[in-house]
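>>> sequence first, then the predicted structure:
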Amino acid sequence: MIGTDRDRCIGSGNCAFQAPEVFDVDETGRVVVIGPAALGDERVLDAIEACPTDALCLVEGDA
Amino acid sequence: MTELVIDRERIRSLFDLRNDVYASRGGAFDVDPYPTFHRLRETGPVHAGTPHEALGWTGDVFFQGLPYPDRPHFSVYDYETCSAVFKDAQRFVTNLPALPGEKPLPDSTILFMDGQRHRSYRTLVQPSFVPAKAIWWLDNWISTLVHQIVDAFGSDGRADFNVELCAPIPLLTITGSFGISIDEALEVRAAVISDGADVTTLARLLIPIIAARRDEPRDDLISVLVEAEIADDDGVVHRLDDTEVLGFAFILLAAGTGTTWKQMGITLVALLSHPEALAAVREDRSFLRSVVEETLRWTPTDPVFSRFVAEDCELGGVELPAGAIVHICLAAGNRDPLRWERPDEFDPFRPTKSHLGFGHGPHTCLGMHVARAEITHSVGAVLDRLPNLRLDPGAPAPRIIGLYERGPDTVPVIFGGNS
């Protein structure tokens, strides 16, 4: 499962660019998770790392 | 909308950029900087001094964080530490009080704001630049513009893409989003290159537009800016005044024209010089995404950005005093062998990994998705519409030149004729 911190998020869209079926940026300019992340999906892991403000993380449990 | 025939001659005269690149930003620098970056990184991620000093450049320099002769300078050359500096916006800031003899940096533009103030102002425009908005930019401005410019080439002939394609598209995209016509935008460009009266010319064009959009908002960027609401420190909500709107307009032009121009040129040179990659793109246009990203990794147009050190700290084993300047050599980070195999090789077939070509941290490039859309759409269009497009084998091979701002000196192409 993906944890999102909307206070940290600046709406850069890095995550939506890396994994567009999983992440999007809403009209307020903050991240929303729009789809499931397959376990071990490299692009999701990359999106989490590529977040400019560390607003994403993997949460314990299923991906 | 009336069909506008782009005047190739006028474009050429306004955008022949041999003058621009040979400006004070180290444009005459024409050596490959990457071997030096590799050598430095081998002995540690952080080194005293500036990138241009390490490269042996003794000419004038002008870029973010330069020259500041009264401050100590440090440079960073590996991926992890570059990434860490970009992200640590507490310790590494874009604005500090000026020392005696230094010109203070304005804090009226998001480029030089920090903390909550930066966040509040950037939030006003960020929604207009998210990936989903790329369609808005394409449908409103980029598609038509690219169509008009490529149309002017015909299907048989030659061109210098650097001047005739890469230069006008980013400028006219942004001015289009301001509601400025192509003719007026070229007027601004003429002012930029003649007497530097760009600021007054642009203000003269924009002020009536700003007033008009306050009256009647449209689906464009100036309307977004005039309708934006920001809360000041007392929590009082206000709209941006004309100066603040103009400030945004200037930074969007300053940050989004030259960069995309050069990066588009670098992308075309890389693609047209690598037959395997070109064949793959011709076969499947979606592969262009990998080509654009790999070019950003391999040769980003702005290889270095800098920050002021806000407090004494340690970085990569080096003590940094407060007030020092750190040059984040993201181009070196983008070729870090710890992250990428064969890092000096342009290989768009490699597995995708995020890179630092658009920076990182809270100041990460605002326009990145629009830039990607401009480059992808333009390259796709010339491949679609200009048969047998290739680099002109009779012209000198393009060279990537420049130190802190890099791009090809020319992109001479031929198309049409016999295969």
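Ah, there it is. Numbering: from 1, shown residues only, chains lettered A, B, ... in the order given.
>>> chain B contacts on chain A?
Applying CB under 8 Å from any CB of the partner chain, one finds that chain A approaches chain B through A:10-14, A:16-18, A:20, A:24-25, A:27-29, A:42-43, A:46-47, A:49-50, A:52-54. All C-beta spots, glycine's among them, are computed from the backbone N, C-alpha and C.
>>> below-threshold pLDDT in the chain: ranges please.
Just going to use chain A. A:60-63 (pLDDT under 70).
>>> looking at chain B here, not the other one
B:1-5, B:17-27, B:192-198, B:418-419.
>>> export stretch A:19-39 as CSV, just CAs?
Extracted C-alpha coordinates of stretch A:19-39, given in CSV (Å, rounded to 0.1, in the frame of the first residue of the first chain):
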residue,chain,number,x,y,z
ALA,A,19,3.5,5.5,-13.0
PRO,A,20,0.4,7.1,-14.5
GLU,A,21,-2.0,4.2,-13.7
VAL,A,22,-1.1,4.5,-10.0
PHE,A,23,-0.7,8.2,-9.3
ASP,A,24,-2.4,11.4,-10.4
VAL,A,25,-2.4,15.0,-9.2
ASP,A,26,-5.8,16.5,-8.4
GLU,A,27,-7.2,20.0,-9.0
THR,A,28,-5.8,21.2,-5.7
GLY,A,29,-2.3,20.2,-6.9
ARG,A,30,-1.8,17.2,-4.6
VAL,A,31,-1.2,13.5,-5.2
VAL,A,32,-3.9,11.0,-5.3
VAL,A,33,-3.5,7.2,-5.7
ILE,A,34,-5.8,6.2,-8.5
GLY,A,35,-4.9,2.5,-9.0
PRO,A,36,-3.3,-0.4,-7.3
ALA,A,37,0.5,-0.9,-7.3
ALA,A,38,1.7,-4.3,-8.3
LEU,A,39,4.0,-5.9,-5.8
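>>> which residues belonging to that stretch are considered buried?
A:19-20, A:22-25, A:29-31, A:33, A:37 (16 or more other CB atoms under 10 Å in any protein chain shown).
>>> could you do stretch B:315-327 as well?
In stretch B:315-327, residues buried by neighbour count (16+ other CB under 10 Å) are B:315-316, B:318, B:320, B:323-327.
>>> from the residues you listed, which land in strands?
B:315, B:318, B:320, B:325-327 (DSSP state E).
>>> could I get the full set of strands for the stretch 1-150 of chain B?
Along the stretch 1-150 of chain B, counting by DSSP state E, counting those that start in this stretch, strands occupy B:46-48, B:73-76, B:92-93.
>>> export the buried residues of stretch A:19-39 to a markdown table and tack on secondary structure?
Shown next, in a markdown table, are the buried residues of stretch A:19-39 (DSSP: H, G, I helix; E, B strand; the rest coil):
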| residue | secondary structure |
| --- | --- |
| A:19 | coil |
| A:20 | coil |
| A:22 | coil |
| A:23 | strand |
| A:24 | strand |
| A:25 | strand |
| A:29 | coil |
| A:30 | coil |
| A:31 | strand |
| A:33 | strand |
| A:37 | coil |
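>>> can you name the two of these that sit furthest apart?
A:29 and A:37 (21.8 Å; CB to CB).
>>> how about chain A: which residue is closest to chain B?
residue A:50 (3.7 Å; CB to the nearest CB).
>>> that residue - how many residues pack around it?
Residue A:50 sits with 22 neighbouring residues when counted by other CB atoms under 10 Å in any protein chain shown.
>>> for it, what are its contacts?
For residue A:50, the contact set (CB atoms under 8 Å, 6 or more residues apart in numbering or on different chains) comprises A:14-15, A:18, B:354, B:360.
>>> got the CA coordinates for the longest helix along chain A in PDB?
Using DSSP state H, we find that the single longest helix of chain A is helix A:42-50. The C-alpha coordinates for helix A:42-50 follow below in PDB (Å, rounded to 0.1, in the frame of the first residue of the first chain):
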ATOM      1  CA  GLU A  42       9.900  -0.900 -10.200                       C
ATOM      2  CA  ARG A  43       8.200   2.200 -11.500                       C
ATOM      3  CA  VAL A  44       6.300   2.600  -8.300                       C
ATOM      4  CA  LEU A  45       9.400   2.200  -6.300                       C
ATOM      5  CA  ASP A  46      11.200   4.700  -8.600                       C
ATOM      6  CA  ALA A  47       8.200   7.100  -8.200                       C
ATOM      7  CA  ILE A  48       8.500   7.000  -4.500                       C
ATOM      8  CA  GLU A  49      12.200   7.700  -4.700                       C
ATOM      9  CA  ALA A  50      11.700  10.400  -7.300                       C
END
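>>> off-centre distance for that helix?
8 Å (CA atoms, centre = their mean, to the nearest Å).
>>> and what of stretch B:150-163?
Computed by CA atoms, centre = their mean, the separation of stretch B:150-163 from the middle of its chain amounts to 23 Å.
>>> residues making contact with that stretch?
So stretch B:150-163 is contacted by B:5-8, B:11-12, B:15-17, B:164-165, B:265, B:268, B:381-382, B:385-387, B:392, B:398, B:407-417 (CB under 8 Å, 6+ apart).
>>> do the same with stretch A:4-13
Contact with stretch A:4-13 is made by A:25, A:28-33, A:51-57, B:119, B:122-123, B:126-127, B:129-132, B:362, B:364, B:368-369, as judged by CB under 8 Å, 6+ apart.
>>> just the buried ones out of those, please.
Neighbour counting over those (16+ other CB under 10 Å) leaves A:25, A:29-31, A:33, A:51-53, A:55-56, B:119, B:122-123, B:126-127, B:129-131, B:362, B:364, B:368-369 as the buried ones.
>>> widest-spaced pair of the buried residues of stretch B:315-327?
Once CB to CB is applied, these give B:316 and B:323 as the farthest pair, at 18.5 Å.
>>> so what's the nearest residue to residue A:18 once chain neighbours are set aside up against?
Nearest residue to residue A:18, sequence neighbours excluded (CB to CB, 6 or more residues apart in numbering or on different chains): residue A:47, at 3.9 Å. Residues near residue A:47 by CB under 8 Å, 6+ apart: A:14-15, A:18-19, A:22-23, A:56, B:354.
>>> same thing with residue B:363?
B:86, B:89, B:94, B:110-111, B:118.
>>> next, give phi and psi for it.
phi -100, psi 10 (degrees, to the nearest 10).
>>> quick revisit: give me the subset of the contacts of residue B:363 that lies in helices.
Of those, the ones assigned to helices by DSSP H are B:86, B:118.
>>> just put the contacts of residue B:363 in TSV and tack on distance to residue B:139.
Shown next, in TSV, are the contacts of residue B:363 (distance: CB to CB, whole Å):
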residue	distance to residue B:139
B:86	32
B:89	34
B:94	33
B:110	26
B:111	28
B:118	30
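>>> thanks a lot, see you next time.
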